[in-house]
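A.B. asks: let me see the structure of the following:
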Amino acid sequence: MIKPEGILLVISGPSGAGKGTICKALLEKRPDMAYSISCTTRQPRNGEVDGKNYFFKTREEFEKMIANDGFLEHADVYGNYYGTPKAYVLDQVAQGKDIILEIDPQGALQVKRNYPNGVFVFIVPPSLTELSKRIYKRGTDAVDVIKKRLSSATAELAYASRYDYIVVNDEVERATTKVNNIVSTEHLRAGRTYYIVDEIVKGANK
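C.D. replies: Numbering: from 1, shown residues only. Purely as a prediction, here's the structure:
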């Protein structure tokens, strides 16, 4: 039987929406799913492994990949390139593996242009008040940084309409279950499962 393609699940949402927590919880529910590995030109940090944490590239190598249309998305962040390698992701999906990509909305829309077959989920907080509480509760940022994050979050919410699904993260387990159900449903789409019908027809003609 033909092996069905995997799914590229793209998760976005404003800072504090809990997308990272949901991604980790989803991987516990779906151990066969894996994080997408990005390329970067920054230097490896202590303990980071090439091919596991990132694919570490020289600037020349990265720019060559850009010229050869080698990324689903890429960006220059504070002087270092970061990008999602097209060949790696498409190869994993072709093998039937589900890949999760947690990324900002600008990057997600680049991915959508280059790989519209992806499944795009936007995580939102139940309210901006709750979002503010979560960010302050972290205690990791200065007040002025928090204000910038909240301002950015309001702007980022405008991108939600361009996604396939919107999931409210009012409670992590409930939100994770919804995302898990989305993945299960997407695996049943006719475009991904028509091979079953082909197999049935072939069997009837033998």
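A.B. asks: so what's the residue count around Val77?
C.D. replies: By the criterion of other CB atoms under 10 Å, Val77 has 11 neighbours. From N, CA and C alone the C-beta is placed, and that goes for glycine too.
A.B. asks: same check, this time on Leu131
C.D. replies: 24.
A.B. asks: ok, Ala158 next?
C.D. replies: The burial count for Ala158: 9, using other CB under 10 Å.
A.B. asks: checking it next. Helix, strand or coil?
C.D. replies: Put simply, Ala158 is helix when judged by DSSP: H, G, I helix; E, B strand; the rest coil.
A.B. asks: distance of it relative to Pro31?
C.D. replies: Distance, Ala158 to Pro31, using CB to CB, to the nearest Å: 35 Å.
A.B. asks: for Arg113, same thing?
C.D. replies: Taking CB to CB, one finds Arg113 at 31 Å from Pro31.
A.B. asks: of the two, who's got more company?
C.D. replies: Arg113 (10 against 7).
A.B. asks: ok, the residue nearest to Gly118 when sequence neighbours are not counted - contacts?
C.D. replies: Of all residues not flanking Gly118 in the chain, Leu8 sits nearest, at 4.1 Å (CB to CB, 6 or more residues apart in numbering). By CB atoms under 8 Å, 6 or more residues apart in numbering, the residues touching Leu8 are Ser36, Val89, Val93, Asp98, Ile99, Leu101, Val111, Tyr115, Asn117, Gly118, Val119.
A.B. asks: which intervals of the protein have sub-threshold pLDDT?
C.D. replies: Scanning the chain for pLDDT under 70 picks out the ranges 1-3, 138-141, 206.
A.B. asks: what residue lies at the spatial centre of it?
C.D. replies: Leu101 (2.1 Å; CA atoms, centre = their mean).
A.B. asks: next helix or strand past the strand or helix carrying that residue?
C.D. replies: Per DSSP states H and E, Leu101 falls inside strand 99-102. Downstream of strand 99-102, the next assigned helix or strand under DSSP H and E is helix 105-114.
A.B. asks: now stretch 93-110 - C-alpha only, PDB.
C.D. replies: Once non-C-alpha atoms are left out, stretch 93-110 reads as follows in PDB (Å, rounded to 0.1, in the frame of the first residue of the first chain):
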ATOM      1  CA  VAL A  93       6.900  14.600   5.000                       C
ATOM      2  CA  ALA A  94       7.400  12.400   1.900                       C
ATOM      3  CA  GLN A  95       8.500   9.600   4.300                       C
ATOM      4  CA  GLY A  96       5.100   9.900   6.100                       C
ATOM      5  CA  LYS A  97       6.500  11.800   9.100                       C
ATOM      6  CA  ASP A  98       4.600  14.700  10.700                       C
ATOM      7  CA  ILE A  99       6.700  17.800  11.300                       C
ATOM      8  CA  ILE A 100       5.900  20.700  13.700                       C
ATOM      9  CA  LEU A 101       7.200  24.100  12.900                       C
ATOM     10  CA  GLU A 102       6.700  26.800  15.600                       C
ATOM     11  CA  ILE A 103       7.300  30.200  13.900                       C
ATOM     12  CA  ASP A 104       6.200  33.800  13.900                       C
ATOM     13  CA  PRO A 105       3.400  34.900  11.500                       C
ATOM     14  CA  GLN A 106       5.700  36.600   9.000                       C
ATOM     15  CA  GLY A 107       7.700  33.300   8.600                       C
ATOM     16  CA  ALA A 108       4.500  31.200   8.500                       C
ATOM     17  CA  LEU A 109       3.100  33.200   5.600                       C
ATOM     18  CA  GLN A 110       6.300  32.700   3.700                       C
END
